[in-house]
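Novice: Give me the fold of what follows.
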Amino acid sequence: MTQNYTSRDIYKQLYSEIMSLQRKPGAVLRENALCEEFGVSRTPIRSVLQELRIAGLIEVTPYKSTHVTRLDFDTISQQIYLRVAVETAVLLDFCALCTPEQMEQLQARNNALRRLVAQPDPVPEAFYHLDSCLHEYWFTATGKDQLWKLIQTNQNSYSRFRMLDLVEARNFEEIVREHDDLLQAIADKDADRVRAVCSKHLYGGVTRLGQELPTKFADYFVPGTRWPDPARKKDTASQS
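Specialist: So this is what the prediction gives:
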């Protein structure tokens, strides 16, 4: 039975495919192929492509090509820097007020991730969602839910970078262990340890993908990307 796609359906599907890297950075999108895939005319496809362009997920060169936007590592680095600064401050606030019941809630969320990881083939998108739910907790618990929403805005590059880490490195166990370390630091109200583990955790994707960024995944990033110094990153990780 043929599905009748609306413009909203098409947008949501393409958005999901781009964010989950099913449509990879730099991948070409052709109007004719999309019309055939969704069984619609050019008008809704052009409307959807315009929305994706506004969201920063595709780039359109008139009369030439339309392709999925490549990742900008400099932007991603600054977004991680911002995330570390903001989330560390929120975590320190949370440490001062957290209750045993709240720690149980956090453990339950991390255990949900642990159960997912124990499955034969964990779904990266499901892991991403549960991971976000864990991090969101200390923002809402400290009354900073609007701040959480703010840092989620205009983070498409960083979100796709996180998916690249999950899809390619697939080191789910390491991420769960980092959560264990972070939750223990919170329970101990160890501010220095919270700072160190939070920074290590949020920079984890850069560390895990390492030398594959400028080699295996170079085509996913904008030309002329300045890559991090691996030696400096290694030293930073070891110090934390």
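Novice: Helix or strand for the residue nearest to the spatial centre of the chain, just tell me which one.
Specialist: Central residue of the chain (Cα atoms, centre = their mean): S159, 2.7 Å from the mean position. Using DSSP states H and E, S159 sits in helix 156-164.
Novice: Let me see the mean pLDDT of that helix.
Specialist: In this model, helix 156-164 has an average pLDDT of 91.
Novice: which parts of that helix are buried?
Specialist: 156-164 (16 or more other Cβ atoms under 10 Å). No exception for glycine: its C-beta is placed from N, CA and C like everyone else's.
Novice: what does the helix or strand R195 falls within rub up against?
Specialist: In this assignment (DSSP H and E), R195 forms part of helix 191-202. The contact list for helix 191-202 (Cβ atoms under 8 Å, 6 or more residues apart in numbering) reads 80, 83-84, 87-88, 91-92, 95, 175, 178-179, 181-182, 185-186, 207, 237, 240.
Novice: Let me know the angle separating that helix from helix 156-164.
Specialist: Angular relation of helix 191-202 and helix 156-164 on a 0 to 180 degree scale: 80 degrees, by axes from the mean of the first three to the mean of the last three Cα atoms, to 10 degrees.
Novice: In CSV, could you pull the C-alpha coordinates for helix 191-202?
Specialist: The C-alpha coordinates for helix 191-202 follow below in CSV (Å, rounded to 0.1, in the frame of the first residue of the first chain):
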residue,chain,number,x,y,z
ALA,A,191,33.7,19.5,42.9
ASP,A,192,37.2,19.0,41.4
ARG,A,193,36.3,15.5,40.3
VAL,A,194,33.0,16.7,38.8
ARG,A,195,34.9,19.3,36.7
ALA,A,196,37.4,16.8,35.5
VAL,A,197,35.0,14.0,34.6
CYS,A,198,32.5,16.4,32.9
SER,A,199,35.2,17.8,30.7
LYS,A,200,36.6,14.4,29.8
HIS,A,201,33.1,13.1,29.1
LEU,A,202,32.0,15.9,26.8
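Novice: moving C-terminal of it, what's the next helix or strand?
Specialist: Toward the C-terminus from helix 191-202 - assigned by DSSP H and E - lies helix 204-209.
Novice: who does that following helix touch, helix- and strand-wise?
Specialist: helix 156-164, helix 172-187, helix 230-239 (3 or more Cβ pairs under 8 Å, 6 or more residues apart in numbering; DSSP states H and E).
Novice: So for the longest one, what gets flagged as buried?
Specialist: Read that as helix 172-187. Residues 172, 175-176, 178-179, 181-183, 185-186 are the ones in helix 172-187 that count as buried (16+ other Cβ under 10 Å).
Novice: one step back: what is the nearest of the buried residues of helix 156-164 to Q105?
Specialist: R162 (22.9 Å; Cβ to Cβ).
Novice: Nearest spatial neighbour of that closest one, chain-adjacent residues omitted?
Specialist: Using Cβ to Cβ, 6 or more residues apart in numbering and skipping the chain neighbours, the partner closest in space to R162 is G205 (6.0 Å).
Novice: can you count the residues close to the one you found?
Specialist: 23 (other Cβ atoms under 10 Å).
Novice: Show me the beta-bridge partners of I58.
Specialist: I58 forms beta bridges with V68, as assigned by DSSP bridges.
Novice: Let me see the contact set for it.
Specialist: Remark: with contacts taken as Cβ under 8 Å, 6+ apart, I58 is in contact with 18, 29, 49, 52, 66-69.
Novice: same thing with S41?
Specialist: Per Cβ under 8 Å, 6+ apart, neighbours of S41: C35.
Novice: Please tabulate the buried residues of helix 172-187 in TSV, including the columns pLDDT and distance to K200.
Specialist: Listed next are these as TSV, based on pLDDT from 0 to 100; distance: Cβ to Cβ, whole Å:
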residue	pLDDT	distance to K200
F172	94	16
I175	95	11
V176	96	14
E178	96	7
H179	97	12
D181	97	8
L182	97	9
L183	97	14
A185	97	11
I186	97	15
